[in-house]
Each structure stands twice: as C-alpha cells, then as structure tokens.
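*Asks:* What follows is a predicted structure for the sequence shown.
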Amino acid sequence: MSLQEFNTLVSGIAKSLEGRSVDARLGGFLNETYPKDGETFQRLAALCAEGERDGWLMQREGGGIKYGRAIKPGAEAGAFSVDVVRMKDVKGPHHIHTTGEIGAIMPIDGTPQFDGIDPGWYAYPPGSDHHPTVSDGDSYVLYFLPDGAIEFTGK
C-alpha cells in the first residue's frame with residue numbers, strides 16, 4: 001500500500017534528522033544523503049503523486065494550493081510533522097517557522113523553483129519566515145516541521 005510505504009520512507013528520513021540543527025548545513029546533508037536524482041527522493045516524489053491521485057495526501061485546497069498534513073508530530077516521523085503541498089506559479093500565505101522547516105522540492109512540470117531554490121532539499125532555521133512561492137512550474141513540496149510548529153501571520 002502506498003500510504004504505508006510513504007510513512008515508512010518518511011520515517012527513515014525523519015530518523016536521519018534527529019538531533020541535527022535546523023540550518024543550511026542540514027539542507028546540504030539531505031542533498032548529499034538523499035539526492036534529487038536518487039532512488040529515495042524519486043520514490044518520495046512518486047508517492048506524493050500517488051497520494052494526490054488516490055486522495056490520501058493534499059486533501060484540501062485553497063488559494064491555488066493543494067495541501068494537507070500527512071503525519072502529525074509523535075507519529076511515524078517522531079517529533080516532526082510532515083505536510084505536503086502542490087503549488088504551481090503561486091505565492092502562499094506568510095508564516096513563521098518557529099522551530100524551523102526542512103523541505104523537499106519535487107518538480108512536476110516545468111522548471112519550478114521554491115523561493116528561488118532549485119529542486120532538492122532545503123532547511124530554514126528557527127524564527128525564519130516567508131511567503132512560500134513556486135515559480136516557473138508545478139511542484140510538490142514536502143516539509144518536516146519540528147514539533148509541528150508553524151505560525152501563519154496573515155501578512
């Protein structure tokens with residue numbers, strides 16, 4: 001079953017994050033460990049597509065963004081929550097990463113960038129903020145939030 005495989009795959013990635021500081025070095029670690037052209041990253045992207053198609057991921061939609069929390073903190077991903085969004089040439093709602101954000105940018109169509117970042121992994125430190133933006137295409141963005149913490153500001 002795809003959902004079970006998704007949870008197992010994400011759990012393994014989450015275990016590799018445990019005890020690491022959420023900073024730019026973490027993005028580098030993930031890009032080396034799970035490169036965008038590697039089996040794990042590619043399978044993660046395929047599972048996001050299956051989850052969207054089968055309805056167990058991204059069950060909500062608003063402002064041109066499909067989204068949903070796939071895993072709550074304390075479940076398969078340990079202290080992390082896991083959310084998945086699908087964005088196509090859109091600017092999302094402003095928020096603060098109170099404990100940081102670790103994400104994977106998985107292209108669907110075009111040459112999408114997320115906040116000007118090419119496909120692959122990124123990490124935003126605690127206290128960082130942004131309007132998540134995908135430009136030049138369509139992309140899934142899967143992100144881990146330590147303790148599930150995020151603060152939408154309405155800006």
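*Replies:* Okay, I see it.
*Asks:* Could you check the pLDDT of Phe6?
*Replies:* Phe6 is assigned 97 on the pLDDT scale.
*Asks:* Next: the one 5 residues further on.
*Replies:* Residue-level confidence at Ser11 comes out at 97, pLDDT.
*Asks:* can you confirm it is in a strand?
*Replies:* No: counting by DSSP: H, G, I helix; E, B strand; the rest coil, Ser11 is located in no strand; its state is helix.
*Asks:* ok, residues contacting the worst-scoring helix or strand of the chain on mean pLDDT?
*Replies:* Using mean pLDDT, DSSP states H and E, strand 151-152 stands out as the lowest-scoring helix or strand of the chain, at a mean of 93. Outside of strand 151-152, the residues within contact range by C-beta atoms under 8 Å, 6 or more residues apart in numbering are Pro93, His94, His95, Ile96, Thr98. Backbone N, C-alpha and C define where each C-beta goes, glycine included.
*Asks:* Quick one: the strands in the protein, in order.
*Replies:* Ranges of strands in the chain, per DSSP state E, are 60-62, 65-71, 80-91, 95-97, 101-114, 120-124, 128-130, 133-146, 151-152.
*Asks:* For Ser2, find the nearest of those.
*Replies:* Counting by C-beta to C-beta, Ser2 lies closest to strand 65-71 out of the strands of the chain; the figure is 11.7 Å.
*Asks:* rewinding a little: which one of the strands of the chain lies closest to Lys15?
*Replies:* strand 80-91 (10.0 Å).
*Asks:* Thanks again, I'm all set now.
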